[in-house]
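Visitor: Fold the following, please.
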Amino acid sequence: MEQSLAARPELLLVADTVARDKGIERDEVLEAMEQAIQKAGRSKYGQEYDIRAEIDRKTGEIRLMRFREVADPIENEATQMSLEEAQLHDPSAQVGDFITDPLPPIDFGRIAAQTAKQVIVQRVRDAERQRQYREFKDRIGEIVNGLVKRVEFGNVVVDLGRAEAMLRRDELLPRETFRQGERVRAYIYDVRPEIRGPQIFLSRTHPQFMAKLFAQEVPEIYDGIIEIRAVARDPGSRAKIGVISNDSSIDPVGACVGMRGSRVQAVVAELQGEKIDIIPWSQDPATFVVNALAPAEVAKVVMDEEQRRIEVVVPDDQLSLAIGRRGQNVRLASQLTGWDIDILTEAEESERRTAEVQSRSALFIEALDVDDVIAHLLVNEGFTSVEEVAYVALDELANIEGFDEDVASELQARALSFLDQQNAIFEERRKELGVEDELIELDGMTLGMAAKLGENGVKTLDDLGDLASDELTELLKDVTRLSEEQANEIIMAARAHWFAEEDGTAPEA
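Guide: Just a heads-up that it's a prediction; the model follows:
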């Protein structure tokens, strides 16, 4: 072994050593050397010549050659030659071929050697950066261990062995500090190729950092038997994770807690004492929200699927527990489930329900000219507007206890009459405000909505098209409750003529 090493040329030994130290390919180092020799050759013989260097991969022999292309006509005499001249060198030469002339090996002077060294160092550094980027871009989402190299203005530079990474101050847990030489464990959330080399960004506050820690501590998660479906964190303070088991015989919460809490405590210790609530995940949003609000007890939930909002009613003594310190419990539950959560006490819910019943009853008494008994019956059956009474199937009204077909028909006739009167008022108001007819013709637009828009200065399709969905929803909140999707459909219908005009003028332009 020693004899074969001694027999190898020095150049190849250097290339092997650099490649091993920097963790890059031997060929990349030799290519850098070739480029350096080529640069020195052009400095000696002239920059205008096409001079190339080649290092024999087995012997280490350096060959320096001048390349000239066979061309007709000749545009550059330094890099091209005529077909006649080329055929003196090689009778089989054709236009487009290259003729090479060997050049004597150059004696590196001090300046040439320095230039060559700079080229090699730069190429090796570039190759090393490319290697680092290729290696770490596929490791986004992994947990890595490293040593603190230095701390700059609160940001921690971490040595990962084959690269450096940045753990920014806002990605550290509150009140967490590191000193040079300490070990640190963190989550790779981003790798960016930049001019000064790949930038690897670490985090200890990322929700997935906690999920990956559980995967390291809980074999069932690593094996895929238990899945972490959702994570919400208030870094350094409290967190919630939603877990589900793919094996009905394994309790996902119990597996994550571990014997006497050993598994969860290992994660808590790494996260500087962050309290962790482990929640059973459910496909049913109402059940998941109830679970997520633990340890508070929930009496009732009311869901609004269009708005992705859920009202949760809790006993009076559970309100502070459900909301949590500074709203932390309900905020984390909302992040975990993806639903907006409103919390009411039973007393508040009862008061609100009473107020709603009274306001709806008053509406029916006035609009349908009925007594409060009939109005209360309609409210108790779930009717919330005169439109619902007017357009519901007749047998649904007739099936209400105490009603018959005649009563139902009379109620529908009165409801339709009231709506006609309302529409006449809205139509007059719309014209008075100068709201365009085209606005009324949009799908989903009513006369009441058009009148309300006119009162707020929205009178043309262009005015409506300029609105955002949340602005439209806010303007019409007293008239109707639009979902974001419905608001977007109305706005896009108002904008349709813009695109039609563009299509019409495109050929002309």
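Visitor: residue ranges with poor pLDDT in the protein?
Guide: By pLDDT under 70, the low-scoring segments of the chain are 1-10, 22-23, 106-120, 195, 197, 402, 500-509.
Visitor: which non-adjacent residue is nearest His497?
Guide: Distance criterion CB to CB, 6 or more residues apart in numbering; nearest residue to His497, sequence neighbours excluded, is Leu461 at 6.1 Å. (C-beta placed from N, C-alpha, C; glycine too.)
Visitor: you'd agree that neighbour is up against Glu436?
Guide: Yes: under the criterion of CB atoms under 8 Å, Leu461 makes contact with Glu436 at 6.7 Å.
Visitor: out of these two, which sits in the busier spot?
Guide: Higher neighbour count among Leu461 and Glu436: Leu461, with 19 against 16, using other CB atoms under 10 Å.
Visitor: backbone phi and psi for the more buried one, please?
Guide: With angles defined as degrees, to the nearest 10, Leu461 sits at phi -60, psi -40.
Visitor: how far away is the residue nearest to His497 from Asn488?
Guide: Distance, Leu461 to Asn488, using CB to CB, to the nearest Å: 15 Å.
Visitor: now do Arg238
Guide: Arg238 is 36 Å from Asn488, by CB to CB.
Visitor: Next: Val312.
Guide: Distance, Val312 to Asn488, by CB to CB: 28 Å.
Visitor: ok, the two, which is more surrounded?
Guide: It is Val312, of Val312 and Asn488, that has more neighbours when counted by other CB under 10 Å, with 25 against 15.
Visitor: Please report phi then psi for the more buried one.
Guide: phi -120, psi 130.
Visitor: Spit out the contact partners of it.
Guide: For Val312, the contact set (CB atoms under 8 Å, 6 or more residues apart in numbering) comprises 289-290, 293, 298, 300-301, 322, 341-344.
Visitor: Identify those among the residues you listed that sit within helices.
Guide: Counting by DSSP state H, these place 289-290, 322 in helices.
Visitor: Kindly indicate which of these lies nearest Ile425.
Guide: Taking CB to CB as the measure, Ile425 lies nearest Val289 of the ones in helices among the contacts of Val312, at 41.9 Å.
Visitor: ok, which stretches of the stretch 251-400 of the chain are helices?
Guide: Counting by DSSP state H, counting those that start in this stretch, the stretch 251-400 of the chain has helices at residues 252-257, 262-270, 285-292, 319-323, 328-337, 346-368, 372-380, 386-391, 394-398.
Visitor: Which residues does the fifth one contact?
Guide: This means helix 328-337. Contacts for helix 328-337 (CB under 8 Å, 6+ apart): 230-234, 237-242, 277, 279, 285, 288-289, 292-293, 296, 321-324, 340-341, 343.
Visitor: Tell me which of those fall in strands.
Guide: 230-234, 238-242, 277, 279, 340-341, 343 (DSSP state E).
Visitor: Buried subset of the residues you listed as a ChimeraX selection?
Guide: Only the buried entries of the ones in strands among the contacts of helix 328-337 go into this ChimeraX selection, using 16 or more other CB atoms under 10 Å:
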select :230,231,232,233,234,238,239,240,241,242,277,279,341,343
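Visitor: Which among the contacts of Val312 count as buried?
Guide: 289-290, 293, 298, 301, 322, 341, 343-344.
Visitor: next helix or strand past the helix or strand hosting Met449?
Guide: Assessed by DSSP states H and E, Met449 sits inside helix 447-455. Downstream of helix 447-455, the first helix or strand assigned by DSSP H and E is helix 461-465.
Visitor: Quick check: which helices or strands does the helix or strand following that following helix pack against?
Guide: Going down the chain from helix 461-465, the next helix or strand is helix 469-475, by DSSP H and E. Judged by 3 or more CB pairs under 8 Å, 6 or more residues apart in numbering; DSSP states H and E, helix 469-475 is in contact with helix 484-505.
Visitor: Centre of the chain to the helix it packs on, how far?
Guide: How far helix 484-505 lies from its chain's middle: 28 Å, per CA atoms, centre = their mean, to the nearest Å.
Visitor: Please work out which residues outside that helix touch it.
Guide: Against helix 484-505 from outside (CB under 8 Å, 6+ apart): 306-307, 439, 442-445, 461-462, 464-465, 467-470, 472-473, 482.
Visitor: Buried only: go through these for me.
Guide: Taking 16+ other CB under 10 Å as the criterion, what is buried in the contacts of helix 484-505 is 439, 442, 445, 461, 464-465, 467, 469, 472-473, 482.
Visitor: just those residues now: which is nearest Thr17?
Guide: Ser469 (63.8 Å).
Visitor: OK, contacts around the closest one?
Guide: By CB under 8 Å, 6+ apart, the contact list for Ser469 reads 484, 487-488, 491.
Visitor: May I see the ChimeraX selection of the buried members of those residues?
Guide: Restricted to buried positions by 16+ other CB under 10 Å, the ChimeraX selection for the contacts of Ser469 reads:
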select :487,491
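Visitor: Turn the contacts of Ser469 into JSON lines, including distance to His206.
Guide: Listed next are the contacts of Ser469 as JSON lines, based on distance: CB to CB, whole Å:
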{"residue": "Glu484", "distance to His206": "28"}
{"residue": "Ala487", "distance to His206": "34"}
{"residue": "Asn488", "distance to His206": "32"}
{"residue": "Ile491", "distance to His206": "36"}
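Visitor: start to end distance for stretch 280-291?
Guide: Stretch 280-291 has an end-to-end distance of 7 Å (CA to CA, to the nearest Å).
Visitor: next one: that stretch to chain centre, how far?
Guide: The answer for stretch 280-291 is 24 Å, by CA atoms, centre = their mean.
Visitor: how about it: buried residues?
Guide: By neighbour count with 16+ other CB under 10 Å, stretch 280-291 contains the buried residues 280-282, 285-286, 288-291.
Visitor: Equivalent analysis for stretch 449-458, please.
Guide: 449-454, 458.
Visitor: Same check on stretch 47-57?
Guide: 49-53, 55.
Visitor: ok, now stretch 151-163?
Guide: Result for stretch 151-163 [16+ other CB under 10 Å]: buried residues 151, 156, 158, 160, 163.
Visitor: List the contacts of whichever strand or helix holds the third one.
Guide: What that stands for is Val158. Using DSSP H and E, the element containing Val158 is strand 155-159. Residues outside strand 155-159 that contact it (CB under 8 Å, 6+ apart): 146-151, 164-169, 172, 178, 184, 186, 202.
Visitor: how about a cut-off of 7 Å?
Guide: Strand 155-159 is contacted by residues 146-150, 164-169, 178, 184, 186, 202 when judged by CB atoms under 7 Å, 6 or more residues apart in numbering.
Visitor: So which of the residues you listed are in strands?
Guide: Among the contacts of strand 155-159, the residues falling in strands (DSSP E) are 146-150, 164-167, 184, 186, 202.
Visitor: For PyMOL, write a command that selects the buried ones of the contacts of strand 155-159.
Guide: Listed next is the PyMOL selection for buried residues among those, using 16+ other CB under 10 Å:
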select buried, resi 146+148+164+165+167+184+186+202
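Visitor: Would you mind checking which of the contacts of strand 155-159 is nearest to Val95?
Guide: Ranked by distance to Val95 (CB to CB), the contacts of strand 155-159 are led by Glu164 at 52.2 Å.
Visitor: what bridges to that closest one?
Guide: For Glu164, the beta-bridge partners are Asp159 (DSSP bridges).
Visitor: For it, give me its contacts.
Guide: 149, 157-158 are the contacts of Glu164 under CB under 7 Å, 6+ apart.
Visitor: Output the ones in helices among the contacts of Val312 in a markdown table, with distance to Met259 appended to each entry.
Guide: Shown next, in a markdown table, are the ones in helices among the contacts of Val312 (distance: CB to CB, whole Å):
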| residue | distance to Met259 |
| --- | --- |
| Val289 | 30 |
| Val290 | 28 |
| Ala322 | 31 |
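Visitor: Out of these, which is nearest to Arg68?
Guide: Nearest to Arg68, judged by CB to CB, of these is Val289 at 77.7 Å.
Visitor: What residue spans form the domains of the protein?
Guide: Structural domains assigned to the chain are 2-130, 145-203, 295-368, 369-501, following automatic domain parsing.
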